[in-house]
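Undergrad: take this sequence and fold it.
(one chain, ligands or ions: 1)
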Amino acid sequence: MPQVILLFSGKRKSGKDFLTTHLQNLLADKCEVLKISHPIKSHWAKEKNLNLNELLGDSEYKEQYRLDMINWSEEMRAQDYGYFCRIACQDATDKPIWIVSDIRRKTDIKWFKENYGNKTRNIRIMADEETRKKRGFIFKSGVDDVASECDLDDFVDWDLLIDNSEGKQKLEEQLSSIFGLVSGL
Ligand SMILES: Nc1ncnc2c1ncn2[C@@H]1O[C@H](COP(=O)(O)OP(=O)(O)OP(=O)(O)O)[C@@H](O)[C@H]1O
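TA: Numbering: from 1, shown residues only. Here you go, the predicted structure:
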């Protein structure tokens, strides 16, 4: 059982993978990184005979399938909002800190809270649009204007807000604010 679960969310190209990878390098064997999108992608790869590693990586390849994966996963979530969260947790190893790097829905946060109580910490990564564009963001209808991208826009119960816009918080500052949430472990 983990002692703390860090739930990271943020819009496309806000820096979720970037920050959680740095965090993982520092926490090393104390942590496990979980991705809710992992079970979605492995199902999709099997079904469509696609390369799972390419889908999991930060490449143009995954962008080609993003819309289809969103639509299919929405259908699954409508039946059972914890479906992908549950599989991601079942596959995770027993480490004191879990990092979930791709929280997208209020129901994702709800599911973790229901199942792990006060172990969860809600972290929002923000970056202004100009920065996100420089880092590869191109607005896509059906992707950026639907619930999987926007559901948490009006969520307010964050334990930590991180500004990952260019020229704002330094990486060390961002990481130490996250460490503040796991201190004592
Ligand atoms: N603070 C930063 N300084 C420099 N480059 C950054 C920073 N944050 C993110 N990047 C770069 O911006 C790009 C997008 O970041 P990243 O892949 O982490 O975003 P993401 O939120 O995981 O996006 P997606 O939702 O599309 O997977 C990457 O190439 C990453 O290396």
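
Undergrad: how close does the residue located most distally from the centre of the chain get to residue 55?
TA: Distance to the chain centre peaks in the chain at residue 49, reaching 24.6 Å (criterion: Cα atoms, centre = their mean). Separation of residue 49 from residue 55 (Cβ to Cβ, to the nearest Å): 12 Å. All C-beta spots, glycine's among them, are computed from the backbone N, C-alpha and C.

Undergrad: what does residue 35 give?
TA: 11 Å.

Undergrad: go on, residue 34?
TA: According to Cβ to Cβ, residue 34 stands 16 Å off from residue 55.

Undergrad: go on, residue 25?
TA: As defined by Cβ to Cβ, residue 25 lies at a distance of 23 Å from residue 55.

Undergrad: those two: which is more packed in?
TA: The residue with more neighbours, out of residue 25 and residue 55, is residue 55; 22 against 10, by other Cβ atoms under 10 Å.

Undergrad: quick check, pLDDT for the more buried one.
TA: The per-residue pLDDT reported for residue 55 equals 84.

Undergrad: doesn't it fall inside a helix?
TA: Yes - assessed by DSSP: H, G, I helix; E, B strand; the rest coil, residue 55 belongs to a helix.

Undergrad: where do the strands sit along the protein?
TA: Taking DSSP state E, the strands of the chain run over residues 4-10, 31-34, 97-100, 120-126, 160-163.

Undergrad: make JSON lines out of those and add mean pLDDT.
TA: Listed next are the strands of the chain as JSON lines, based on pLDDT from 0 to 100:
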{"stretch": "strand 4-10", "mean pLDDT": "98"}
{"stretch": "strand 31-34", "mean pLDDT": "96"}
{"stretch": "strand 97-100", "mean pLDDT": "98"}
{"stretch": "strand 120-126", "mean pLDDT": "98"}
{"stretch": "strand 160-163", "mean pLDDT": "98"}
